[in-house]
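Enquirer: Could you work out the structure for the sequence below:
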Amino acid sequence: MKRVLITGSAGFIGFHLAKLLLDEGFAVYGIDAMTDYYDVTLKQRRHQMLMQSPNFEASECRLEDADQVMTIVRDFGPDVIVHLAAQAGVRYSLENPRAYLDSNIIGSFNVLEAAREVGVDHLLMASTSSVYGANDVMPFQETEKTETPLTFYAATKKANEAMAHSYAHLWNIPTTMFRFFTVYGPWGRPDMALFKFVDAMLDGRPINIYNHGEMYRDFTYVDDLVRGIRLLIDAVPVRPENPHDITEGDSLSPAAPYRVVNIGNSDKVRLLDFIEAIEAELGFKAKRNYMDMQKGDVPATWADAELLNHLTGYKPQTDVQEGIRMFVAWFREYYEK
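Expert: Prediction:
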């Protein structure tokens, strides 16, 4: 039985990935700090659901605690580590940047050290589409330069990519970084747009629409995302013998068993169209509060996910209307609204 350690296992994506891996017969160990960035009860409920499986164990642990992280990883002995834990949220990084330094830089360093210590078969780490920053040629490809992050959150994730590459090169740790785009779905985070829109609309409150709705995002349904991660677990990067052997469009490093992969829908959806799809599902119009673009935000992100398809044969399956329908059904049941 393959053993997978997931950091951030009580988080939105970590929960869904752990559930998928348990369903497929993996042994899963979860680490989560249970921070109060958003409702801890939601995180506790996710872990309670995972605990129904005899193959799931978990510890409450801050990744900044190097000794505890090392002890957990040594004791569990994972074949694979999937590092999802991070201080998330672009906008919150404007208010509390130090939280991103502690969690995303120090915490990720401790995960890298633990991966080196136990010699995992594959280390997979979450990055973000935010690393594309000021790039304006879309869809974004993994082989583009990413030298212009626009928020400290994006800068910490770019640093994670560089840190992981150095460890892959020095210690021969096969490493895959995946860049998420706009992930949504049941059990989602309360700070994300779909959650905030549905919550406000059902309460009769107006929704805030930035850049007057002229925003475009590659909305990726969470089940599609974690299926992509699951398949990438088996797509282990190998250090190339000759850099000329790397095929065009592959982000494989010439100097390490290291690769970056976009996981997105390969489609851009206008924010106003997304809102109209929510209105159609709820059966009434939102009260709209049009606002200017927020500091650090970008008008559009959109993934080229051809590399994911090339490596795994997989393409995301869920269209926005269907994804919104499933989120609204979960939200109404969970919050009894």
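Enquirer: longest helix anywhere in this structure?
Expert: Taking DSSP state H as the criterion, the chain has its longest helix at helix 152-171.
Enquirer: what does that helix contact?
Expert: With Cβ atoms under 8 Å, 6 or more residues apart in numbering as the test, helix 152-171 has contacts from 86-90, 92-94, 97, 100-101, 104-105, 108-109, 112, 115-116, 123, 125, 127-128, 130-131, 133, 146, 149, 173-175, 177, 237, 253, 255-258, 260. To be clear about C-beta, it is placed using only N, CA and C from the backbone, and glycine gets the same treatment.
Enquirer: Show the subsequent helix or strand relative to the worst-scoring helix or strand of the chain on mean pLDDT.
Expert: The helix or strand of the chain with the lowest confidence, counting by mean pLDDT, DSSP states H and E, is helix 92-95 at a mean of 78. Once the chain leaves helix 92-95, the next helix or strand it forms, by DSSP states H and E, is helix 97-100.
Enquirer: buried set for that following helix?
Expert: Neighbour-count burial for helix 97-100 flags 97, 99, 100 (criterion: 16 or more other Cβ atoms under 10 Å).
Enquirer: by contact count, what packs against that helix?
Expert: Helices and strands touching helix 97-100, by 3 or more Cβ pairs under 8 Å, 6 or more residues apart in numbering; DSSP states H and E, are helix 152-171.
Enquirer: could you give the mean pLDDT of the helix it packs on?
Expert: Here helix 152-171 scores 96 as its mean pLDDT.
Enquirer: Now find how far off-centre it is within its chain.
Expert: Distance of helix 152-171 from its chain centroid, counting by Cα atoms, centre = their mean, to the nearest Å, is 15 Å.
Enquirer: please begin residue numbering at 860 from this point
Expert: All right, first residue 860 from here; so that's helix 1011-1030.
Enquirer: Buried by neighbour count: which residues of it qualify?
Expert: Buried residues in helix 1011-1030, counted by 16+ other Cβ under 10 Å: 1011-1020, 1022-1024, 1026-1028.
Enquirer: What is the nearest of those residues to residue 931?
Expert: residue 1026 (18.8 Å; Cβ to Cβ).
Enquirer: how close does the closest one sit to residue 992?
Expert: Counting by Cβ to Cβ, to the nearest Å, the gap from residue 1026 to residue 992 is 23 Å.
Enquirer: what does residue 966 give?
Expert: For residue 966, the distance to residue 992 - Cβ to Cβ - is 22 Å.
Enquirer: now do residue 1122
Expert: 18 Å.
Enquirer: for residue 1141, same thing?
Expert: Taking Cβ to Cβ, one finds residue 1141 at 34 Å from residue 992.
Enquirer: Residue 1030 too?
Expert: With Cβ to Cβ as the criterion, residue 1030 and residue 992 are 29 Å apart.
Enquirer: Tell me which residue is most central in this structure.
Expert: Centroid check for the chain by Cα atoms, centre = their mean gives residue 1039 as the closest residue, at 4.9 Å.
Enquirer: Grab the nearest non-local neighbour of residue 927.
Expert: residue 920 (5.0 Å; Cβ to Cβ, 6 or more residues apart in numbering).
Enquirer: ok, back up a step: residue 1047: which of the buried residues of helix 1011-1030 is nearest?
Expert: For the buried residues of helix 1011-1030, the nearest to residue 1047 is residue 1012 (18.0 Å; Cβ to Cβ).
Enquirer: what's near enough to touch the residue lying closest to that closest one once chain neighbours are set aside?
Expert: Using Cβ to Cβ, 6+ apart and skipping the chain neighbours, the partner closest in space to residue 1012 is residue 952 (3.8 Å). Residue 952 makes contacts with 946, 959, 1010, 1011, 1012, 1155, as judged by Cβ under 8 Å, 6+ apart.
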